[in-house]
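K.L.:
Next one to model:
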Amino acid sequence: MATTRLSILFLVSALLSACSLPTISGAGGYGQFSFSGKAGYTLASTPSNPRNDIRSSLGFDDPEPFPYVHGEAGVGPVLVTASGFQLSTSGSGTLEAQFGSIPVGTAVHADMDVTSMRGTVYAFDLFDIIPLPFVSLKPGIGVDYFDISLKAEALSGAVKEDFTQKAPIPILAARAGVNLGIVEAVLEGGGIKIDYQDEIDGTFLDLEGLLKVHPASNLTLFAGYRYINVDGDGKDGNNRYDVGLVLQGWMVGGGLKF
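P.N.:
Numbers count the residues shown, from 1 in each chain. Modelled structure (predicted):
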């Protein structure tokens, strides 16, 4: 938790200082994510349960649209980036494993809400040390706030279960770019492996690739792809959850530079 607090303080201070930085850009767009993976939920009074496939057992087999926002602020070698999205999905299926108090083989309706907000600070460019035209590579540190809420309810009867996990996740990050003026390609990503006592244990990976076109000096159009992998287990009160979730899909949009 000390690492988490230090990362948050570092990121917040950088974001506050970014308010006066001379180069600021903001963009918004639309995307679609597809889902895959497994989810399990075990009550404190029962043994550990296998995980359910979120496509076949919970019915999350359709891509879902979401709004996407992205912003950058920087001066000199320092760059601060932030992005976020929020989406919801629902479906119906038949459990292949017990989910909390809902028995295996039960037909259920399920809902899932996902919110992600990522902020990263890059302090320098490695290619400022070894100059290479048009190319940049920046290491960084950041925080990815991830919020997952999953609910399942039996279609017959009133049995239902739900859990929520909200966590600011400190990440080690990197940003690679090729800038040819009118056209720019950027790959930004971060991840970490967490093992915090008995509360949460797992790995987190968040990758985003954008192809940007600058038809004017203050105008940007972009298309890209985002991949998020959350694989871990932890506590929800006295109960336990076990999630292996992959979200991936495309994004398009545009923005302005100030």
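K.L.:
switch to C-alpha atoms for all contacts and neighbour counts from now on
P.N.:
OK.
K.L.:
Residue 129: neighbouring residues, count only.
P.N.:
8 (other C-alpha atoms under 10 Å).
K.L.:
Report the contact partners of it.
P.N.:
The neighbourhood of residue 129, defined by C-alpha atoms under 8 Å, 6 or more residues apart in numbering, contains no residues.
K.L.:
how much space between it and residue 121?
P.N.:
19 Å (C-alpha to C-alpha, to the nearest Å).
K.L.:
do the same with residue 255
P.N.:
Taking C-alpha to C-alpha as the measure, residue 255 falls 20 Å from residue 121.
K.L.:
higher neighbour count, these two?
P.N.:
Using other C-alpha under 10 Å as the criterion, residue 255 and residue 121 rank with residue 121 on top: 26 against 18.
K.L.:
Neighbouring strands of the helix or strand that contains the more buried one in the sheet, and parallel or not?
P.N.:
Per DSSP states H and E, residue 121 falls inside strand 107-122. Each strand paired with strand 107-122, and its direction, by DSSP bridges: strand 78-94 (antiparallel), strand 135-154 (antiparallel).
K.L.:
which is the next helix or strand following it?
P.N.:
Following strand 107-122 toward the C-terminus (DSSP H and E): helix 126-129.
K.L.:
Extract the C-alpha trace of that following helix and format it as CSV.
P.N.:
Provided in CSV are the C-alpha atoms of helix 126-129 (Å, rounded to 0.1, in the frame of the first residue of the first chain):
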residue,chain,number,x,y,z
LEU,A,126,15.8,7.9,-23.8
PHE,A,127,16.5,9.2,-27.3
ASP,A,128,17.4,12.6,-25.9
ILE,A,129,20.5,10.8,-24.6
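K.L.:
and that helix, how far from the chain's centre?
P.N.:
Taking C-alpha atoms, centre = their mean, to the nearest Å, one finds the center of helix 126-129 at 29 Å from the center of the full chain.
K.L.:
Can you mark which positions in stretch 84-98 are buried?
P.N.:
84-85, 87, 89-98 (16 or more other C-alpha atoms under 10 Å).
K.L.:
what do you get for stretch 204-218?
P.N.:
So, applying 16+ other C-alpha under 10 Å, buried residues of stretch 204-218: 204, 205, 206, 207, 208, 209, 210, 211, 212, 213, 214.
K.L.:
Could you check how far residue 195 is from residue 231?
P.N.:
Taking C-alpha to C-alpha, one finds residue 195 at 12 Å from residue 231.
K.L.:
what touches both of the two?
P.N.:
With C-alpha under 8 Å, 6+ apart as the test, residue 195 and residue 231 both reach residue 202.
K.L.:
ok, these two, which is more surrounded?
P.N.:
A direct count of neighbours by other C-alpha under 10 Å for residue 195 and residue 231 places residue 231 higher, at 19 against 14.
K.L.:
who's that one bridged to?
P.N.:
So, taking DSSP bridges as the rule, residue 231 has residue 203, residue 244 as bridge partners.
K.L.:
I figured it was touching residue 206, is that so?
P.N.:
No. With contact defined as C-alpha atoms under 8 Å, residue 231 and residue 206 do not form a contacting pair (11.8 Å).
K.L.:
which stretches of the chain form strands?
P.N.:
For the chain, the strands defined by DSSP state E occupy 23-42, 52-53, 64-75, 78-94, 107-122, 135-154, 160-179, 183-196, 200-216, 219-236, 239-257.
K.L.:
residue contacts, residue 257?
P.N.:
23, 24, 25, 26, 217, 218, 219, 220.
K.L.:
How about the contacts made by residue 182?
P.N.:
With C-alpha under 8 Å, 6+ apart, residue 182 has these contacts: 213, 214, 215.
K.L.:
Ramachandran angles for it?
P.N.:
With angles defined as degrees, to the nearest 10, residue 182 sits at phi -70, psi -30.
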